[in-house]
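Novice: sequence-free structure coming up:
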């Protein structure tokens, strides 16, 4: 379903809950620009085809340590076909609106992810492809999936990124992996995503609004650290003191979309904050933002969860598969903050820097109470 389908069914309406408050188009990147920083190839290119162009070293702004540099990849289309067995379904690890994602192994043993644009929507995906490549060449943070290269030769549009081995957050919440995410891991995932969005909003060369923060765009490492992926919908904003938003066509995923943005077409970093609030509720409940198979009063997860919160039934919001006991005060703080992020009005939402600080406070409180219980 797209956004208009949800609007037509009237399920995007958000509850006007009372908050308890305290106190343009992507440019084509030239080969010269992309090769402005020389790098040693990880593979000798023996093909006569033009090699994959390589991203320059990004600006070094970050709230937390960046990922370890893993070099750049030079691959031709023929080489990409070879290491994916001509894009065999056996190598496919995911599929989305842009296209299919494949796992591939290089000659030196490293694993990479290859995202290939769908052929049927080739023209429509061109802008999304260019946008993602342009943005990923300018950013680097340990909680953002790292670009290794891209190829736009002929009728192929391919993005190559680091491989994140533990699937998506949504897969884990759906129980598709053996190990269940415990509360501490969910809290750490929330903090990782908050760090990534803070970097995009405040520390990138220009403010970047992701516009599609959702559980299927959060990838997990072996140690259950989160990395934000998929920048096809992202927008950059030049800092202008007299301008608080940009007016743009609505892009995003139904259920995560900032309703104020949906109504006014005015995009701000607070639109990502709204999506992040929905993600926090999803992390705790394991429910999707819209659950059409649930009874009518439970279909909009944020509305259902807020009603439970107001009734004092916080524990009923928790993922039923989560068997551990979560301190009720910690749970209440977490939920209260999630609803604040998902407030209908952007003026009632925190910015992402404050979100990081609040989640740190919740983590400290959680560990203090956990240790006290153990003693």
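Specialist: Structure's in. What do you need? Everything numeric in this text was worked out from a predicted model, so none of it was measured.

Novice: Strands of the stretch 201-350 of the chain, start to end?
Specialist: Per DSSP state E, counting those that start in this stretch, the stretch 201-350 of the chain carries strands over the ranges 207-209, 218-220, 226-228, 235-237, 246-247, 266-267.

Novice: mind checking which of the ones you listed is nearest residue 105?
Specialist: Residue 105 sits nearest to strand 218-220 of all these, at 18.2 Å, using Cβ to Cβ. In short, each C-beta sits where N, CA and C put it, glycine included.

Novice: So residue 113 sits against residue 162, correct?
Specialist: Yes. Using Cβ atoms under 8 Å, residue 113 is in contact with residue 162, at 6.9 Å.

Novice: Could you measure from residue 188 over to residue 182?
Specialist: 10 Å (Cβ to Cβ, to the nearest Å).

Novice: Might you list the low-confidence residue ranges for the stretch 251-375 of the chain?
Specialist: Within the stretch 251-375 of the chain, the segments meeting pLDDT under 70 span 374-375.

Novice: Helices along that one, start to end?
Specialist: Using DSSP state H, counting those that start in this stretch, the helices found in the stretch 251-375 of the chain span residues 259-264, 269-285, 301-310, 328-341, 352-374.

Novice: so what secondary structure elements neighbour the second one?
Specialist: With contacts defined as 3 or more Cβ pairs under 8 Å, 6 or more residues apart in numbering; DSSP states H and E, helix 269-285 has these neighbours: helix 169-173, helix 183-198, strand 207-209, helix 259-264, helix 301-310, helix 328-341, helix 352-374.

Novice: Can you pull the phi/psi pair for residue 105?
Specialist: The phi/psi pair for residue 105 (degrees, to the nearest 10) reads phi -120, psi 130.

Novice: Name whatever forms a beta bridge with it.
Specialist: Assessed by DSSP bridges, residue 105 has beta-bridge partners residue 111.

Novice: Was I right to think it contacts residue 113?
Specialist: No. Contact criterion Cβ under 8 Å: residue 105 and residue 113 do not qualify, at 11.2 Å.

Novice: So for those two, which residue has more residues nearby?
Specialist: A direct count of neighbours by other Cβ atoms under 10 Å for residue 105 and residue 113 places residue 113 higher, at 21 against 13.

Novice: quick one: that one from residue 167, how far?
Specialist: Distance from residue 113 to residue 167, by Cβ to Cβ: 12 Å.

Novice: tell me the domain ranges of the chain?
Specialist: The chain breaks down by automatic domain parsing into domains covering 31-162, 166-374.

Novice: Quick check: pLDDT value at the closest residue to residue 141 other than its chain neighbours.
Specialist: Residue nearest to residue 141 in three dimensions, not counting chain neighbours: residue 199, with 4.7 Å by Cβ to Cβ, 6 or more residues apart in numbering. As summarised for this prediction, residue 199 has a pLDDT of 97.

Novice: Hmm, residue 225 is touching residue 145, no?
Specialist: No. Using Cβ under 8 Å, residue 225 is not in contact with residue 145; the gap is 11.8 Å.

Novice: and the two? which has more neighbours close in?
Specialist: Using other Cβ under 10 Å as the criterion, residue 225 and residue 145 rank with residue 145 on top: 23 against 18.

Novice: Residue 94 is nearest to which of the helices of the stretch 251-375 of the chain?
Specialist: Closest among these, using Cβ to Cβ: helix 269-285, at 18.4 Å.

Novice: starting at the chain centroid, how far to the closest one?
Specialist: Remark: helix 269-285 is offset 11 Å from the chain centroid, using Cα atoms, centre = their mean, to the nearest Å.

Novice: repeat for stretch 320-335
Specialist: With Cα atoms, centre = their mean, you get 24 Å for stretch 320-335.

Novice: Go ahead and name everything in contact with it.
Specialist: 175, 180, 182-183, 187, 280-281, 284, 286, 305, 309, 314-315, 317-318, 362, 365-366, 369-370, 373 (Cβ atoms under 8 Å, 6 or more residues apart in numbering).

Novice: Also stretch 306-317?
Specialist: Counting by Cβ under 8 Å, 6+ apart, 15, 17, 281, 284-285, 297, 305, 326, 328, 331-332, 335-336, 339 sit against stretch 306-317.

Novice: now swap in stretch 359-374 and tell me
Specialist: Residues outside stretch 359-374 that contact it (Cβ under 8 Å, 6+ apart): 183-184, 187-188, 190-191, 194, 327, 329-330, 333-334, 337.

Novice: list the buried ones in it?
Specialist: If you call a residue buried by 16 or more other Cβ atoms under 10 Å, then stretch 359-374 has these buried ones: 359, 362-363, 366.

Novice: Max pairwise distance over those residues: which two?
Specialist: Greatest spatial distance among the buried residues of stretch 359-374 (Cβ to Cβ): 359 and 366, at 10.1 Å.

Novice: so what's residue 158 bridging to?
Specialist: residue 116, residue 151.

Novice: circling back: residue 188 and residue 182: who's more crowded?
Specialist: The residue with more neighbours, out of residue 188 and residue 182, is residue 188; 18 against 14, by other Cβ under 10 Å.

Novice: So which of the helices and strands packed on helix 269-285 is nearest residue 99?
Specialist: Of all the helices and strands packed on helix 269-285, helix 169-173 sits nearest to residue 99, with 18.0 Å by Cβ to Cβ.
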